[in-house]
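# Sharing a model prediction with you, sequence too.
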Amino acid sequence: MKRKWLCFVLAMLTLTIYPVSAFAADGPTAPDLQIGLDTAFTYLAFILVFFMQAGFAMLEAGSVRMKNAGHVAGKTVLTLAIASICFWALGFGLGFGNGNSFFGTSGFGYGGDSMASSFDSLAFSDVTLNVKFLFQMAFAAVSLAIVSGGMAERAKLSVYIIFGILFSVFIYPVVAHWVWGGGWLATMGMQDYAGSTVVHLTGATAAVVATILLKPRLGKFNKEGKPVIIPGHNQVFTVLGVIILWFGWFGFNPGSALSPMGGFFGYVALTTNIAAAAGGLAALVASWLYFGKSDIPAMLNGVLAALVAITGACAFVEPWAAFVIGIVAGAFTFMTSQWLERAGLDDPIYAFSVHGIAGMWGAVSTGLFATPELVETVGIGKAGLFYGGGVHQLGVQVLGVIGTFAFVAILSFVFLYIMKLVSGIRVTEEEELMGLDISEHGTYGYPEQMKLISESETSKH
C-alpha cells in the first residue's frame, strides 16, 4: 500500500513539473532520429576501436619475454592517456580543423559541439562532433600503439612518453589532415577509407625508425650475424590479442561509414572479414613452405596484415579483390618479415611488416581494384587500373604512400636522434638483462614466476 501511494505522489509531482500538454507535443522528428541513430552507431564503433587496445596489450605482452610483459602491457594504457590528451589539446585541430593543405589551424583545445564551425572537413556527417572526436581519437591511439611495438624490450619508458607526445601532436595529425582533413592528398582524391596509410603506415614508419636507432636486443643476432629466435612468453595471449583486434576491426572499418543507413557498413564488414581470413591462411601456408612446419605467430601476423591492407580498400573493392588483397598481404608480410630480420632488423612484433608493408599494399590496391560503382558510392577518387580507370588513381595512391613514409620517417628520425644525443633512448645493458618490468617499474608482471627463475639461475652459479 505504501509503495502504491509513493508511486501516486511521484506521478503527481511529475505532472506538476511537466504539464500534460508537454506529453501531447509531437515526438522527435525524422531528422532528429536519424542524427541519434548515426551518432549511436558511431559511438559503438568508437567503443570497438577503443577496445582494440586490449588486443594490442595481449598481443604485444605475449610476444615479448616474461621479464618485460608487465611493462609492455602497461604501455598500452599509457598510449591511451597520451593520445587522449594530445588529441584533445592540439591533434584534433591540426588533423581536422580548418587550415591549409598541410595542417589545420583551428579547433585547438577542443571544447565540444559548439566548435563545429572549425571543422568543415567533418561536416559531411550529422553525427555529433563530440562522438566524431572520440572516434578519431581512438584511431590516433591505435597508430601510437603500433609505435610501441618497435620499441619493445629495450627503449626507456621516458623516451616512449616524450616521443608519444611528439608523434600524437606533430606527426599523426598532419598525415590525417592530408588525407581526411581536406589536405593536399584529399584534394587529389586519395582513397583510404579507414586508414591503411593514415593509421597503420604512419605508426609503422615511426616504429621502424625507432627500431633502427635502438639497434637489436641483446642476443638477437649471433657472432655470424644470423638472427636468433627470441620467442614470446605466451602464445595463448597473442592468439587472444589477435581475436580481440579482429573483433575490434568491425568498428574500425564498418564504423567509418558513420551511419547504419543503407547497410553499406555491412558490405565493408564483409570485405574486411574475407581479407582477414585469407591473410591468415596465406601466411600459415607460407610459413609451412618456408619452415617445413606451420607457424602460429606467422598465421596471426597474416590475419593482422590482411586487416591492415583491407582497411584502406574495404569500401572500394569487390569481395574477390578483398580475397586477393588478403592473400597477398598475408604471404608477402611473412616473407618480408623474414627478409628484414635476416638483414639485421630486430622488430619484436614485426610492426613494420604487418602495419607498414601491408599498409603500403593496401593503399596501392585501391589503385588497382577500385570499382566505378563503389567509388561513386563513397564519392572519393576514381576507378582502379583493372576497372578501366587507367593509372591516375594508382599514381595518387603511390604518391600518398611515398609522401607519408618520407614525412613520418624524417620527422621521427629527427625527434628520436635528438633524444638519443641528449639523454639516450635505450636502457643500459644491465637493465635490459634484468628486464624492463623491474628496471623501469620496480616489480615484475609475473613476480612469483620471475622469482623462481632468479632463484634457479642463482643456484646454478
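Right, received. Where do you want to start? Numbering: from 1, shown residues only.

# Now do the buried residues in the one helix or strand Val328 maps to.
Following DSSP states H and E, one finds Val328 within helix 319-342. Residues 321-334, 336-338, 340-341 are the ones in helix 319-342 that count as buried (16 or more other Cβ atoms under 10 Å). Where you see a C-beta, it was placed from the backbone N, CA and C, and this is true even at glycine.

# With stretch 288-303 instead?
Asp295, Pro297, Ala298, Met299, Leu300, Asn301, Gly302, Val303.

# what's near enough to touch Phe369?
Neighbouring residues of Phe369 by Cβ atoms under 8 Å, 6 or more residues apart in numbering: Ala313, Phe316, Val317, Glu318, Ala321, Val324, Ile325, Gly384, Phe386, Tyr387.

# got a winner among those residues for most neighbours?
Of all those, Ala313 has the most neighbours under the rule other Cβ atoms under 10 Å, reaching 33 neighbours.

# Which residues are in contact with that one?
Gln191, Tyr193, Ser196, Thr271, Ala321, Ala322, Ile325, Gly362, Ser365, Thr366, Phe369, Ala370.

# Now for Val285, how many residues are close by?
Neighbours of Val285 (other Cβ under 10 Å): 18.

# pLDDT below threshold where in the stretch 1-150 of the chain?
1-27 (pLDDT under 70).

# The stretch 301-450 of the chain too?
Short version for the stretch 301-450 of the chain, where the test is pLDDT under 70: 450.

# rerun at 80
448-450 (pLDDT under 80).

# mind checking how far the most centrally placed residue in the chain is from Val198?
For the chain, Val142 is the residue whose C-alpha lies nearest the centre (Cα atoms, centre = their mean; 3.1 Å). Per Cβ to Cβ, to the nearest Å, Val142 is found 10 Å from Val198.

# from the chain's centre, how far out does the next helix or strand after the helix holding Val328 sit?
Downstream of helix 319-342, the next assigned helix or strand under DSSP H and E is helix 351. Relative to the chain's own centre, helix 351 is displaced by 11 Å; criterion: Cα atoms, centre = their mean, to the nearest Å.

# just checking, what packs against helix 351?
Other helices and strands packing on helix 351, by 3 or more Cβ pairs under 8 Å, 6 or more residues apart in numbering; DSSP states H and E, are helix 129-150, helix 202-214.

# who does the following helix or strand past the last one touch, helix- and strand-wise?
Spelled out, it's helix 202-214. Downstream of helix 202-214, the first helix or strand assigned by DSSP H and E is helix 235-252. Counting contacts by 3+ Cβ pairs under 8 Å, 6+ apart, helix 235-252 packs against helix 30-63, helix 264-291, helix 296-313.

# Could you list the buried residues of helix 235-252?
So helix 235-252, judged by 16+ other Cβ under 10 Å, has buried residues 237-242, 244-246, 248-252.

# Pull the distance from stretch 227-246 to the chain's centre.
17 Å.

# mean confidence score for it?
Mean per-residue pLDDT for stretch 227-246: 95.

# List of residues touching that stretch?
Contacts for stretch 227-246 (Cβ under 8 Å, 6+ apart): 51-52, 54-66, 69, 217, 219-222, 276, 296-297, 300, 303-304, 307, 341-342, 346, 348.

# before we move on, what about stretch 42-59?
72-73, 76-77, 79-80, 125, 127, 131-132, 134-135, 138-139, 141-142, 145, 148, 237-238, 240-245, 247-252, 254-256, 258-259, 300, 349.

# gap between Ser63 and Val77?
18 Å.

# Pick out whichever of the two has more residues nearby.
Ser63 (28 against 11).

# contacting residues around that one?
Here Ser63 is in contact with Ala152, Gly232, Thr238, Pro297, Pro348, Ile349 (Cβ under 8 Å, 6+ apart).

# What is the most widely separated pair among those?
Ala152 and Pro297 (14.3 Å; Cβ to Cβ).

# Please give the element, helix or strand, for Ala83.
Going by DSSP H and E, Ala83 is in helix 69-86.

# other SSEs contacting the next helix or strand after that helix?
Sequence-wise, the next helix or strand downstream of helix 69-86 (DSSP H and E) is helix 92-96. Here helix 92-96 touches helix 129-150, helix 172-180, going by 3+ Cβ pairs under 8 Å, 6+ apart.

# residues of the longest one that come out buried?
By neighbour count on 16+ other Cβ under 10 Å, the buried set for helix 129-150 is 129, 131-150.

# From the contact counts, what lies against that helix?
By 3+ Cβ pairs under 8 Å, 6+ apart, helix 129-150 packs against helix 30-63, helix 69-86, helix 92-96, helix 157-166, helix 172-180, helix 202-214, helix 351.

# With respect to Ser118, which of the ones you listed lies nearest?
That would be helix 92-96 among these, by Cβ to Cβ, at 7.3 Å.

# Show me what the closest one is in contact with.
Contacts for helix 92-96 (Cβ under 8 Å, 6+ apart): 87, 103-110, 118-119, 121-122, 133, 136-137, 140, 169-170, 172-174, 176-177, 180-181.

# ditto for stretch 375-390
By Cβ under 8 Å, 6+ apart, stretch 375-390 touches 189-191, 193, 264, 315-316, 366-372, 391-394, 396.

# List only buried entries from those residues.
189-191, 193, 264, 315-316, 366-371, 392-394, 396.

# coming back round to it: what is the nearest of the buried residues of helix 235-252 to Asp32?
For those, the nearest to Asp32 is Gly251 (24.4 Å; Cβ to Cβ).

# For the closest one, give me the pLDDT.
Gly251 is given a pLDDT of 97.

# Skipping its backbone neighbours, what lies nearest it in space?
Leu48 (2.5 Å; Cβ to Cβ, 6 or more residues apart in numbering).

# what about the one you found, distance to Ser143?
From Leu48 to Ser143 the distance is 16 Å (Cβ to Cβ).

# one step back: output the helices and strands packed on helix 235-252 as CSV; include the columns distance to Ser353.
Output for the helices and strands packed on helix 235-252, formatted as CSV (distance: least, Cβ to Cβ, whole Å):
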stretch, distance to Ser353
helix 30-63, 13
helix 264-291, 10
helix 296-313, 7
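
# okay, the ones you listed, which one's buried deepest?
helix 296-313 (a mean of 30; mean count of other Cβ atoms under 10 Å).

# got the CA positions of that helix in CSV?
Backbone C-alpha positions of helix 296-313 (Å, rounded to 0.1, in the frame of the first residue of the first chain) are rendered in CSV as follows:
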residue,chain,number,x,y,z
ILE,A,296,51.1,-20.0,-35.4
PRO,A,297,52.7,-16.5,-34.9
ALA,A,298,53.0,-16.2,-38.7
MET,A,299,49.3,-17.0,-39.1
LEU,A,300,48.4,-14.4,-36.5
ASN,A,301,50.5,-11.8,-38.3
GLY,A,302,48.9,-12.8,-41.6
VAL,A,303,45.5,-12.0,-40.2
LEU,A,304,46.6,-8.6,-38.9
ALA,A,305,48.5,-7.8,-42.1
ALA,A,306,45.4,-8.6,-44.2
LEU,A,307,43.2,-6.4,-41.9
VAL,A,308,45.7,-3.6,-42.3
ALA,A,309,45.7,-3.9,-46.1
ILE,A,310,41.9,-4.1,-46.5
THR,A,311,41.4,-1.1,-44.1
GLY,A,312,42.0,1.4,-46.8
ALA,A,313,40.3,-0.6,-49.6
